[in-house]
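>>> Need a 3D model of the following:
(one chain, ligands or ions: 1)
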Amino acid sequence: MLTFNVNIIKTVNIIGSGIGGLATAIRLAVKGYSVTIFEKNSYPGGKLSELVLGKYRFDKGPSLLTLPQLIDELTHLSGSKNKFKYQQLNTITHYFFEDGTQLKAKKDIHEFAKEINLKLNEPESTVIKHIEKSSFYYNIIADIFLKQSISKPKNFLNKRTLKGILNIPKLALFSTMHQQNSSAFKNPKTVQLFNRYATYNGSNPYKAPALLNVIPHLELNLGAYLPENGMHQITTHLVDLAKELGVQIKYNETVEEITIEKNRATGLISNTNKYESDLTISDVDINFLYKKLLPQKYTPIKTLAQEKSSSAYVFYWGIKKEFNELGVHNVLFSNNYAEEFSCLFETDEPYFDPTIYINITSKKCRNDAPIGSENWFVMVNVPHNKFQKEIKYADELRKNVISKINRILNTHIEQYIEEEAILDPFGIELQTASFGGSLYGNSSNNKFSAFLRHANFSNKIKGLYLVGGSVHPGGGIPLCLLSAKIVSDIIPNNNN
Ligand SMILES: Cc1cc2nc3c(=O)[nH]c(=O)nc-3n(C[C@H](O)[C@H](O)[C@H](O)COP(=O)(O)OP(=O)(O)OC[C@H]3O[C@@H](n4cnc5c(N)ncnc54)[C@H](O)[C@@H]3O)c2cc1C
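Coordinates of the predicted model:
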């Protein structure tokens, strides 16, 4: 009798075309699965999308790219000839303090240390030592916590991981980031500068573990990058790769339910149709995944109750003037950082003198603004919108932001604003379904947060996997891309 080895192609439904959803789609298509992405919006990318106002183009969310190699890896895996083009920034950030102190973080850490020594009177060797510690932390944690699931016991049985685990006591788990920074540096401005890295995952440096001092390593040792056409190019590039691999993306399809039979995910129901699949991947914030798409009996109450990361209030301004003192990334510090974070995480109010971040991609991407003008993305950290209500503080916040910019840059910025749009926590939630507009899922304000993030799979529902900023290993572009890699590593090739 003749037997045929028929290879049945398994199907995967992915909910959400955020960076985590797109990267997972690419990886699973390469593994031989037939992949469909369901996206509620009419465009891809979730938080990583773009906005055009008159003659100005803006990246709507993320502005800083680190570890671009993770995107190159996807290009390489997919076998595409379509190259992802980006440049490394020579000057990473321009810092401004209220007393007139200004300094620039250069890509060369020795130049940066010299600048800190000159402006803030900190020994160069102290700065270098601090940045080296950051790199030491990264080398210990990357393999254990960032590149694999920490919910699979077998992952802890290899030599590298065991070696990393033996080094855990060196990670200063019992000091906060602020404690470690203030014992390293004598000038409070240097402490503030290094404390700011806690905001890279929406956390509070006065509560977050010193382990978060790993973040400067990514930016200062490995580099800050900008794609050739701005951050949105990450989304368009991943969409192109996915399409080349045959991934289908269905826009305007809001998933309303994940269908479950005998504790196995069997498909989904959207606003238009019912779709079966062998596997289901959620790139949706876990709060909405469990509260809206799954039966209540599966809800992980403790995980959902964890403190959320901060949110953001963003002004997109078309500015009809060029400011030579500004670069791509600019930070105008508040005078009292401790008070600012206490407002963000304890009293749940925006601070009256917020630290302001200004991103200007037109400094490098000339088509993003008309000649003689600049596209300003002006962002302040605000609490996530716990009660999910419309924002009341908008007018006051705008006034405070304008007056601080005018003070520090010695200008009258209002007269140069020719286009304006805003994005507040309410809008972030509406557009991307992240709870209360939190930017990075749960905060890392507690020493166990790295261990408490939701795993990349459901241990109660077979065939359901989770990616994106609200699950392991965390929020931000690099970690979302790593979450996709972890999920794809857990799922066997289609023909296995
Ligand atoms: C203002 C701002 C600034 C940021 N700055 C940086 C930065 O500089 N650097 C950095 O690395 N990161 C930054 N981040 C964080 C980064 O953007 C996120 O961590 C990352 O993009 C999240 O990707 P994700 O895969 O979790 O998906 P998301 O971007 O959260 O997208 C989820 C997608 O799922 C879709 N969806 C949700 N529910 C459904 C449903 N029921 N049916 C169908 N589709 C659904 C949504 O429409 C959305 O498209 C920033 C974020 C914001 C908002």
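>>> what residues are up against Asn101?
To be clear, residue 101 is Thr; Asn isn't right here. Neighbour list for Thr101: 119-120, 189 [criterion: C-beta atoms under 8 Å, 6 or more residues apart in numbering]. To be clear about C-beta, it is placed using only N, CA and C from the backbone, and glycine gets the same treatment.
>>> again, only using 7 Å
119, 189 (C-beta atoms under 7 Å, 6 or more residues apart in numbering).
>>> So which residues on this structure come close to the ligand?
Residues of the chain that fall close to the ligand, judged by C-beta under 6 Å from any ligand atom: 15-21, 38-41, 46-48, 61-64, 254-255, 283-284, 288, 312, 314, 428, 432-434, 439-440, 468-469, 475-477, 480.
>>> Show the end-to-end separation of stretch 223-230, please.
16 Å (C-alpha to C-alpha, to the nearest Å).
>>> Give me the buried positions along that stretch.
Burial within stretch 223-230, assessed by neighbour count using 16 or more other C-beta atoms under 10 Å, is assigned to 223-227, 229-230.
>>> re earlier: buried subset of the residues of the chain next to the ligand, written for ChimeraX?
In ChimeraX, a selection of the buried entries from the residues of the chain next to the ligand looks like this (16+ other C-beta under 10 Å):
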select :15,16,17,18,19,20,21,38,39,40,41,46,47,48,61,62,63,64,255,283,284,288,312,314,428,432,433,434,439,440,468,469,475,476,477,480
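>>> Inside helices: which ones of the residues of the chain next to the ligand?
Those of the residues of the chain next to the ligand mapping onto helices are 19-21, 288, 428, 432, 477, 480, per DSSP state H.
>>> Taking those residues, tell me the two that lie furthest apart.
Phe288 and Ile477 (20.6 Å; C-beta to C-beta).
>>> now the helices for the stretch 201-350 of the chain?
Counting by DSSP state H, counting those that start in this stretch, the segments of the stretch 201-350 of the chain that form helices are 215-216, 232-244, 286-288, 301-305, 337-342.
>>> just these: most buried one?
Counting by mean count of other C-beta atoms under 10 Å, helix 215-216 has the highest mean neighbour count of these, with a mean of 24.
>>> Which residues outside it are in contact with it?
Identification of contacts with helix 215-216 by C-beta under 7 Å, 6+ apart yields 131, 134, 194, 197, 200.
>>> can you give me the strands in the stretch 101-250 of the chain?
Using DSSP state E, counting those that start in this stretch, the strands of the stretch 101-250 of the chain run over residues 102-106, 225-227, 248-250.
>>> would you turn these into CSV with distance to Val30?
Compiled in CSV, the strands of the stretch 101-250 of the chain are given as follows (distance: least, C-beta to C-beta, whole Å):
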stretch, distance to Val30
strand 102-106, 37
strand 225-227, 22
strand 248-250, 16
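>>> which one of those has the most crowded surroundings?
Per residue and on average, the most neighbours among the strands of the stretch 101-250 of the chain fall to strand 225-227, with a mean of 22 (mean count of other C-beta under 10 Å).
>>> Quick check: which helices or strands does that strand pack against?
Judged by 3 or more C-beta pairs under 7 Å, 6 or more residues apart in numbering; DSSP states H and E, strand 225-227 is in contact with strand 86-88.
>>> returning to that earlier point: let's have the strands of the stretch 101-250 of the chain in TSV, adding mean pLDDT.
Converted to TSV, these look like this (pLDDT from 0 to 100):
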stretch	mean pLDDT
strand 102-106	98
strand 225-227	98
strand 248-250	98
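>>> Which of those sits closest to Leu211?
strand 102-106 (21.4 Å).
>>> Just the CA trace of that closest one, in PDB.
C-alpha atoms of strand 102-106 as PDB (Å, rounded to 0.1, in the frame of the first residue of the first chain):
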ATOM      1  CA  GLN A 102      23.500  72.200  29.100                       C
ATOM      2  CA  LEU A 103      25.300  69.100  28.000                       C
ATOM      3  CA  LYS A 104      25.400  66.600  25.200                       C
ATOM      4  CA  ALA A 105      25.600  62.800  25.500                       C
ATOM      5  CA  LYS A 106      27.900  61.700  22.700                       C
END
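>>> partners of it in the sheet?
If you go by DSSP bridges, strand 102-106 pairs up with strand 91-96 (antiparallel).
>>> For the residue in the stretch 201-350 of the chain that the ligand sits nearest to, give the beta-bridge partners.
Residue nearest to the ligand within the stretch 201-350 of the chain: Val255 (3.7 Å; C-beta to the nearest ligand atom). Under the criterion DSSP bridges, Val255 forms beta bridges with Ser270.
>>> ok, it - contacts?
Val255 sits next to 15, 38, 268, 270, 293 when contact means C-beta under 7 Å, 6+ apart.
>>> Inside strands: which ones of the residues you listed?
The strands, defined by DSSP state E, take in 15, 38, 268, 270 from these.
>>> Could you dump the residues you listed into JSON lines and include pLDDT?
Converted to JSON lines, those look like this (pLDDT from 0 to 100):
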{"residue": "Ile15", "pLDDT": "98"}
{"residue": "Phe38", "pLDDT": "98"}
{"residue": "Leu268", "pLDDT": "98"}
{"residue": "Ser270", "pLDDT": "98"}
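>>> and those as a markdown table, adding distance to Asn336?
Shown next, in a markdown table, are those (distance: C-beta to C-beta, whole Å):
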| residue | distance to Asn336 |
| --- | --- |
| Ile15 | 42 |
| Phe38 | 45 |
| Leu268 | 48 |
| Ser270 | 48 |
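>>> quick check, nearest of the residues you listed to Lys114?
Ranked by distance to Lys114 (C-beta to C-beta), the ones in strands among the contacts of Val255 are led by Ile15 at 49.0 Å.
>>> Can you point out the buried residues in stretch 352-364?
Using 16+ other C-beta under 10 Å as the test for burial, stretch 352-364 gives 353-364.
>>> which residues are in contact with that stretch?
59, 63, 87, 226, 230, 326-335, 340, 368-369, 374-381, 400-401, 404-405.
>>> So what's the residue count around Gly79?
As a burial measure, Gly79 scores 10 neighbours (other C-beta atoms under 10 Å).
>>> got it, and Leu28?
Burial measure for Leu28: 26 neighbouring residues, criterion other C-beta under 10 Å.
>>> That one contacts Ser488, doesn't it?
Yes: applying C-beta atoms under 7 Å as the test, Leu28 and Ser488 come out as touching, 6.0 Å apart.
>>> tell me the SS of Leu430?
helix (DSSP: H, G, I helix; E, B strand; the rest coil).
>>> Asn445 and His217, how far apart?
20 Å (C-beta to C-beta, to the nearest Å).
>>> relative orientation of the helix or strand containing Arg407 and strand 102-106 in degrees?
Using DSSP states H and E, Arg407 maps to helix 394-409. In terms of direction (axes from the mean of the first three to the mean of the last three C-alpha atoms, to 10 degrees), helix 394-409 departs from strand 102-106 by 90 degrees.
>>> Any buried residues in helix 394-409, and which?
Neighbour-count burial for helix 394-409, counted by 16+ other C-beta under 10 Å, picks out 397-398, 400-402, 404-405, 408-409.
>>> How about stretch 212-221?
Of all the residues in stretch 212-221, those buried under the rule 16+ other C-beta under 10 Å are 212-220.
>>> same check, this time on stretch 485-496
For stretch 485-496, a neighbour-count test (16+ other C-beta under 10 Å) marks 485-488, 490-491, 494 as buried.
>>> quick one: which of these is nearest to the ligand?
Distance to the ligand, by C-beta to the nearest ligand atom, is smallest for Val487 among those, at 11.3 Å.
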